[in-house]
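[1] Sharing a sequence plus its predicted fold:
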Amino acid sequence: MTACEPQIIGTSQAILKVRQIILKVADVDLNVLISGESGVGKELVARALHYYSGRREKPFMKVNCAALPRELMETELFGYEKGALTGADRRRIGKFEAAADGSIFLDEIGEIPLTMQAKLLQVLQDQKFPRIGGNKEIGTQARVIAATNRNLEAEILAGNFREDLYFRINTISIVVPPLRERKEDIPPLVDFFLEQHRAIYGNTVSAVPASLMELFLDYHWPGNVRELENYLKRLSVLGNHPEIERELRCQMDISAARETAPRKDGAADPVQDVEAEPVLAVPKGKKFPSLKEVRDQAVMKVEKAVIEQVLDETHWNRREAARILKISYRTLLYKLKDMNIRRMD
């Protein structure tokens, strides 16, 4: 069955350029790396590459590398033979084998651990692999389309991503810009999603109120197109535009306060506070920590500073803070305990 044509909506020069690149390289059998923030539509670009290629009638297999536990990643990609693992009572084929001569989409490839990166590189070079527990080499002609919201060049410098794998997957690069850099795409996106939602939910919302559209055009969209779609789903189902407007104004106020207002302790920015501290203080004669330990400590300092500021600005409304930080409520509670963050009043 032929897949529906992916629709990349927008009139901005940035989106027109993305569509132009897709049409130009779709039928070229080279690996593609799609970069962009979370929610910009990287999967849609991957599906468009597949749709406009000669592989359209072939399988399109998606692998969410960020959602896979490390111990299951190898079996997900390459499959296993009967008896190869505990509970493996039958053979299972992996995503590479299932993709055959179609396309395999490795979403958030920056999350793959280094040990698996080495094996993936070998598969891309040799175009064959054995299932776990097997000796037979299985050929693969699947086109690899990878996506990431990370700066992989920085990850290479930090020792988290293999440079040779980066060059292997980055034959063709497509960068999808964030929504805040292409605000002219918001009105056509709004029309598209409302029409789509009318067909799904049977609602009667045909347009957003002018006051809400004005906020849409002013908002900074940290969640990009996915966040816009979620707001429009709520509007379509609940018709609660005053509530959405209040929420957007609150988000904009918090963002403005974070960028411009000094903190109560007189500091301008929690990240600048952390950067002003000595990077590492090691007593003479003591053993230096590894770079990974240093990196983990630095990340924790920055996270703690940002969490404390968001909690301060939300008056310790932890559910609201978790929503702003885009983490689960349970994750926030864990971080508060782990970082020993307490409400002082």
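    Received, thanks.
[2] Give me the neighbour count for Gly94.
    Neighbours of Gly94 under the rule other C-beta atoms under 10 Å: 22. C-beta here means a position set from N, CA and C on the backbone, and glycine is covered the same way.
[3] Show me the strands in the stretch 51-200 of the chain, by range?
    Counting by DSSP state E, counting those that start in this stretch, the stretch 51-200 of the chain has strands at residues 60-64, 103-107, 128-130, 137-139, 143-148, 172-175.
[4] residues near Ala14, how many?
    15.
[5] pretty sure it contacts Lys183?
    No: using C-beta atoms under 8 Å, Ala14 makes no contact with Lys183, being 10.9 Å away.
[6] quick one: contacts for Met116?
    Going by C-beta atoms under 8 Å, 6 or more residues apart in numbering, Met116 touches Arg70, Met73, Glu74, Leu77.
[7] For PyMOL, write a command that selects the buried ones of those residues.
    The buried subset of the contacts of Met116, as determined by 16 or more other C-beta atoms under 10 Å, is captured in PyMOL by this line:
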select buried, resi 73+74+77
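[8] Make JSON lines from the contacts of Met116 and add pLDDT to it.
    JSON lines is the format used below for the contacts of Met116 (pLDDT from 0 to 100):
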{"residue": "Arg70", "pLDDT": "80"}
{"residue": "Met73", "pLDDT": "90"}
{"residue": "Glu74", "pLDDT": "90"}
{"residue": "Leu77", "pLDDT": "94"}
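[9] from the contacts of Met116, which ones fall inside helices?
    Arg70, Met73, Glu74, Leu77 (DSSP state H).
[10] Which member of those is positioned nearest Ala256?
    Ranked by distance to Ala256 (C-beta to C-beta), the ones in helices among the contacts of Met116 are led by Arg70 at 39.7 Å.
[11] where does the residue nearest to Glu76 when sequence neighbours are not counted land on pLDDT?
    Residue nearest to Glu76 in three dimensions, not counting chain neighbours: Leu68, with 5.7 Å by C-beta to C-beta, 6 or more residues apart in numbering. pLDDT, Leu68: 87.
[12] Leu68: neighbouring residues, count only.
    18.
[13] again with Glu76
    Around Glu76 sit 17 other residues, with neighbours defined as other C-beta under 10 Å.
[14] still on that earlier bit, between the strands of the stretch 51-200 of the chain, which one is nearest to Ser328?
    That would be strand 60-64 among those, by C-beta to C-beta, at 17.1 Å.
[15] That closest one packs against which elements?
    helix 42-51, helix 95-99, strand 103-107 (3 or more C-beta pairs under 8 Å, 6 or more residues apart in numbering; DSSP states H and E).
[16] Restricting to C-alpha, output the first one in PDB.
    Coordinates of each C-alpha in helix 42-51 appear next as PDB, following Å, rounded to 0.1, in the frame of the first residue of the first chain:
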ATOM      1  CA  LYS A  42      12.400  15.900  11.200                       C
ATOM      2  CA  GLU A  43      10.400  12.600  10.900                       C
ATOM      3  CA  LEU A  44       8.100  14.300   8.300                       C
ATOM      4  CA  VAL A  45      11.300  15.200   6.300                       C
ATOM      5  CA  ALA A  46      12.500  11.600   6.500                       C
ATOM      6  CA  ARG A  47       9.100  10.300   5.300                       C
ATOM      7  CA  ALA A  48       9.100  12.800   2.400                       C
ATOM      8  CA  LEU A  49      12.600  11.600   1.400                       C
ATOM      9  CA  HIS A  50      11.300   8.000   1.300                       C
ATOM     10  CA  TYR A  51       8.000   9.000  -0.500                       C
END
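[17] Start the count at 26 instead of 1 going forward.
    Yep, numbering from 26; the last one is helix 67-76 now.
[18] could you give the mean pLDDT of that helix?
    Computed over helix 67-76, the average pLDDT equals 97.
[19] what's the spacing between Leu214 and Lys208?
    10 Å (C-beta to C-beta, to the nearest Å).
[20] no no, Ala347
    27 Å.
[21] where do the helices sit along the stretch 176-325 of the chain?
    For the stretch 176-325 of the chain, the helices defined by DSSP state H, counting those that start in this stretch cover 177-182, 188-194, 211-226, 235-243, 249-263, 266-285, 295-301, 316-338.
[22] Of all the ones you listed, which one is nearest Glu68?
    helix 249-263 (10.2 Å).
[23] From the contact counts, what lies against that closest one?
    helix 211-226, helix 266-285.
[24] so can I have JSON lines of those helices showing mean pLDDT?
    Formatted as JSON lines, the helices and strands packed on helix 249-263 follow (pLDDT from 0 to 100):
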{"stretch": "helix 211-226", "mean pLDDT": "91"}
{"stretch": "helix 266-285", "mean pLDDT": "79"}
